[in-house]
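A.B. asks: predicted structure and sequence below. I'll ask about it afterward.
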Amino acid sequence: MKFDTPAGQNPIDQLKVVGKPTSRIDGKYKTTGTAPYAYERHDVAANQAYGYVLGAGIAKGRVRRIDTAAAKRAPGVLAIVTTLEHPRMERGMMNAAYLFGGDEVQHYHQAIAVVVAETFEQARAAAFLVQVDYAPAAGKFDLAAEAKGAKPVPGDSGEGSGGNGEERVGDFEGAFAQAPVRFDETYSTADESHAMMEPHATIAAWDGDKVTLWTSNQMIAWGHGSLGKILGVPKENVRLDSPYVGGGFGGKLFVRADAVLAALGAKAAKRPVKVALTRPLVMNNTTHRPATIQRVRIGATKDGTITAIAHESTSGNLPDGDPETAVSQTKLLYAGANRLTAMKLAHLDLPEGNAMRAPGEAPGLMVLEVAMDEMAEKLGMDPVEFRIRNDTQVDPQDPKRPFSHRDLVGCLKLGAEKFGWSKRNAKPGQVRDGQWLVGIGMAAAFRNNMVMKSGARVRLAADSTVTVETDMTDIGTGSYTIIAQTAAEMMGLPLDKVVVRLGDSAFPVSSGSGGQFGGNSSTAGVYAACVKLREAVAQRLGINSADAVFADGQVRAGNRAVPLGEAASKGEVSAEDTIEFGDISKKQQQSTFGAHFVEVGVDAYTGETRVRRMLAVCAAGRILNPKSARSQVIGGMVMGTGAALMEELAVDTKRGFFANHDLAGYEVPVHADIPHQEVIFVDEVDPMSSPMKAKGVGELGICGVGAAVANAVYNATGIRVRDYPITLDKLLDRMPEAA
Ligand code: MOS
């Protein structure tokens, strides 16, 4: 099905199943331990051996020699594959670093060997007996030091946000120089780790020249093609299966070393092999969100109308990596005739920087929305009012392009009302609750809405059950449930008559999960397949498909009503289709909007910050499942709070690695850190986005929330921290005056 005109009335609009708060249908498996993750697929292949990955102990240079003699003699060892035995292997989709092969070390903990043994303990013990000689080389590990030499580069996160090295509208410098009120500050954000619960893990088994990988991956079709290329095997001979994914956040968009080394290990050991990356390898071998240095300049008239806005961001990466696209939102969020956005990239020899939940916007809004708070204060304006004053209903870089639907102002107003914003004391450091300095802050949320081609197959059985098959993944987001809701709505069935099967490369290619495009795109693909199934059912029953009504488990036409399953009485009815999006998404700008409000307490004596309550108001098209959508948004809010207050990969700038490479040293918020969260969805539909009229919501929740936390800290203390995260050491020396 081609989607190139706005959606009209369709069966989804009935909202009998879609749009209802629905518990995740996989929830019972998750909570009873019966939804196996990749490493736990004990039943898929007999005689599984264990692979332990060895990471390079230097950050840059060459591997001179690997001595495996002692390791090979160790108990239980079946095979050892080293990087020196293979020429450098091809990279898969969006890989910046090479995953394996050859003697060059590009970054610390790059995989250099896999040791395969009967047990995990034997593999690990033997791995420590492998002797490696390196020829280390000098590397660049310090973003602040390398930033000066950074070059303007275009870049794309691979999932929607990106742009040119420099983009200009009007005359920024001239307008900024003439602006009656000017703001100019520089900020920094930290390297961050996805820190998903399930590490990257794969079981690989060969059958002749065919290989199957039970893995944990967000994008099955990307991974499928990439693994064929990396392993040098025709794509038809590779199968990927990833029905449950314990979190990804962008870290599992691409093939990583676990999959490659499970396949190589299995080939060498002539047995199925399972490989999980240890947490230090997750942090130093895979990808992370790159740190940034960002400068924001805003010029405005005295009444708070922005006349000039500039956002420049510098990040670092390996030679073939992309910049963090932290200026993306600034191209679209606020009006202003004179504009400049620019991205620069410095060469760093740290592990690969790549997509992490809302790449670009998450660190970009962390900075832009603090700058907006600072500018509002400079103008003597309320921060909510300042944002409303500078709303735009058209793309500010190309005013002929309207937004398909944009309700930022509605979100700001509703949020301010529900949160009690009018009670805020605009003067910082005024509110006290015992030892706590109390403050509230807010920020706008913005994330683009992307649409991706997505396919599905639907099969009707004689007992009226419908089975949906698509290679779409559920990364903890609720894909199983919204896909079942979609098929149930389309076929007039209750939810429990739909079976959803995901994550297998043998199924039709879907959008996959990334860039908050998965929910809307994959359900639109299921919609398209169900339209075809409805036609096929009508044809089998000998009724005109235009007259057929699918409701209550029946197909009705005129006076006739038959159970849906009757169409399959002589054999299953199957239909398959792919939704393809024309340039409808280019004619109008599709984005999602929101507003975050946060109250914090800062301990007057220790500088410890505690979040007290949070509210997000989101405008993101039709909400297919308010329950799982809320979970996505509150998860994003937790992650954004982490970015604001604690998450930071500590760079060892001498040896070139992330030193706090475990979950003890890399702190993420836990339940006790987030006491109260509320989410309100503004009631809206966007017929430009898809037949579902939905948009992405999985990343909107993280966008802007960190700035709302930072602005609340400022309101509480009067201390403006521009180097994130706001750990207590950055507040402590100024606390005595604040208290
Ligand atoms: Mo992408 S960072 O997995 O949404």
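C.D. replies: Everything's here; your move.
A.B. asks: now the residue of the stretch 51-200 of the chain found nearest the ligand: how far from Arg447?
C.D. replies: When scored by CB to the nearest ligand atom, the stretch 51-200 of the chain has Glu159 as its residue closest to the ligand, at 4.9 Å. No exception for glycine: its C-beta is placed from N, CA and C like everyone else's. Relative to Arg447, Glu159 is positioned 11 Å away (CB to CB, to the nearest Å).
A.B. asks: more crowded one of these two?
C.D. replies: It is Arg447, of Glu159 and Arg447, that has more neighbours when counted by other CB atoms under 10 Å, with 34 against 26.
A.B. asks: can you pull the pLDDT of the more buried one?
C.D. replies: At Arg447 the predicted local confidence, pLDDT, stands at 97.
A.B. asks: please verify my assumption that it contacts Lys695.
C.D. replies: No: counting by CB atoms under 8 Å, no contact exists between Arg447 and Lys695, whose distance comes to 9.2 Å.
A.B. asks: between those two, which contacts overlap?
C.D. replies: For the pair Arg447 and Lys695, residues contacting each of them under the criterion CB atoms under 8 Å, 6 or more residues apart in numbering are Gln516, Thr592.
A.B. asks: thought the residue of the stretch 51-200 of the chain closest to the ligand was touching Gly360?
C.D. replies: No: with contact defined as CB under 8 Å, Glu159 does not reach Gly360; the gap is 9.3 Å.
A.B. asks: excluding chain neighbours, give the residue nearest to the residue of the stretch 351-500 of the chain found nearest the ligand in space.
C.D. replies: The nearest approach of the stretch 351-500 of the chain to the ligand comes at Ala355, 3.8 Å away (CB to the nearest ligand atom). Leaving aside its sequence neighbours, Ala355 sits nearest to Gly250 (CB to CB, 6 or more residues apart in numbering; 3.7 Å).
A.B. asks: now the one you found: which helix or strand?
C.D. replies: Gly250 belongs to no helix or strand when assigned by DSSP states H and E.
A.B. asks: so what are the domain limits for the protein?
C.D. replies: Following the assignment in automatic domain parsing, the chain carries domains at 2-35+451-586, 38-138+195-284, 388-449+590-739.
A.B. asks: any chance of those domains in CSV, with distance to the ligand too?
C.D. replies: Formatted as CSV, the entries for the domains of the chain read as follows, by distance: least, CB to the nearest ligand atom, whole Å:
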stretch, distance to the ligand
domain 2-35+451-586, 4
domain 38-138+195-284, 3
domain 388-449+590-739, 6
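A.B. asks: in TSV: the ones you listed, plus distance to Asp382.
C.D. replies: Putting the domains of the chain into TSV (distance: least, CB to CB, whole Å) gives the following:
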stretch	distance to Asp382
domain 2-35+451-586	30
domain 38-138+195-284	34
domain 388-449+590-739	7
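A.B. asks: nearest to Thr305, out of the ones you listed?
C.D. replies: When those are ranked by proximity to Thr305, the top entry is domain 388-449+590-739, at 6.3 Å, counting by CB to CB.
A.B. asks: quote the end-to-end distance of the closest one.
C.D. replies: Distance between the two ends of domain 388-449+590-739: 33 Å, counting by CA to CA, to the nearest Å.
A.B. asks: what do you get for stretch 33-44?
C.D. replies: End-to-end distance of stretch 33-44: 17 Å, with CA to CA as the criterion.
A.B. asks: show me the contact partners of it.
C.D. replies: 26, 28-29, 48, 198, 201-203, 205, 212, 214-216, 241-246, 274, 276.
A.B. asks: any idea of the mean pLDDT for it?
C.D. replies: On average, stretch 33-44 scores 96.
A.B. asks: likewise for stretch 706-724?
C.D. replies: The average pLDDT within stretch 706-724 is 98.
A.B. asks: the longest helix along the chain - contacts with which helices or strands?
C.D. replies: The helix that spans the most residues within the chain, counting by DSSP state H, is helix 518-541. Using 3 or more CB pairs under 8 Å, 6 or more residues apart in numbering; DSSP states H and E as the contact criterion, the secondary-structure elements in contact with helix 518-541 are strand 454-460, strand 466-470, helix 479-491, strand 554-557, strand 573-581.
A.B. asks: what strands flank the fourth one, and is each parallel or antiparallel?
C.D. replies: Sheet pairing here is set by DSSP bridges, and for strand 554-557 it gives strand 549-551 (antiparallel), strand 560-563 (antiparallel).
A.B. asks: and for the second one?
C.D. replies: Neighbouring strands of strand 466-470 in its sheet, by DSSP bridges, are strand 454-460 (antiparallel), strand 498-502 (parallel).
A.B. asks: coming back round to it: what's the burial count for the residue nearest to Ala355?
C.D. replies: In terms of burial, Gly250 registers 27 neighbours under the definition other CB under 10 Å.
A.B. asks: wouldn't it be in contact with Gly360 here?
C.D. replies: No: judged on CB under 8 Å, Gly250 makes no contact with Gly360 at a distance of 11.1 Å.
A.B. asks: which residues of this structure score low on pLDDT?
C.D. replies: In the predicted model, the chain carries pLDDT under 70 at residues 160.
A.B. asks: circling back: who's in contact with the residue nearest to Ala355?
C.D. replies: Glu159, His194, Gln218, Thr287, Arg289, Asn354, Ala355, Met356, Arg357, Pro359, Gly514.
A.B. asks: what's the farthest-apart pair in those residues?
C.D. replies: Taking every pair in those and measuring CB to CB, the maximum separation is 15.5 Å, between Gln218 and Arg289.
A.B. asks: quick one: list the elements packing against the helix or strand hosting Phe446.
C.D. replies: Of the helices and strands defined by DSSP H and E, Phe446 is found in strand 436-448. Counting contacts by 3+ CB pairs under 8 Å, 6+ apart, strand 436-448 is packed against helix 361-379, helix 383-389, helix 408-419, strand 431-433, strand 591-603, strand 609-619, helix 705-717.
A.B. asks: then that strand to PDB, C-alphas only?
C.D. replies: Below are the C-alpha coordinates for strand 436-448, written out as PDB (Å, rounded to 0.1, in the frame of the first residue of the first chain):
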ATOM      1  CA  TRP A 436      15.900  21.200  51.000                       C
ATOM      2  CA  LEU A 437      16.100  24.200  48.600                       C
ATOM      3  CA  VAL A 438      13.100  23.600  46.400                       C
ATOM      4  CA  GLY A 439      12.800  24.700  42.700                       C
ATOM      5  CA  ILE A 440      10.700  24.000  39.700                       C
ATOM      6  CA  GLY A 441      11.700  24.100  36.100                       C
ATOM      7  CA  MET A 442      10.300  23.400  32.700                       C
ATOM      8  CA  ALA A 443      11.400  22.800  29.100                       C
ATOM      9  CA  ALA A 444       9.900  22.100  25.700                       C
ATOM     10  CA  ALA A 445      10.100  18.600  24.200                       C
ATOM     11  CA  PHE A 446      10.600  18.000  20.500                       C
ATOM     12  CA  ARG A 447      11.500  15.000  18.400                       C
ATOM     13  CA  ASN A 448      11.000  14.500  14.700                       C
END
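A.B. asks: run the chain-centre distance for it.
C.D. replies: Its chain's C-alpha centre and that of strand 436-448 lie 21 Å apart, by CA atoms, centre = their mean, to the nearest Å.
A.B. asks: that one pairs with which strands?
C.D. replies: In the sheet, strand 436-448 lines up against strand 431-433 (antiparallel), strand 591-603 (antiparallel) (DSSP bridges).
A.B. asks: deepest of these, which one?
C.D. replies: For the strands paired with strand 436-448, the largest average neighbour count (mean count of other CB atoms under 10 Å) is found in strand 591-603, namely a mean of 28.
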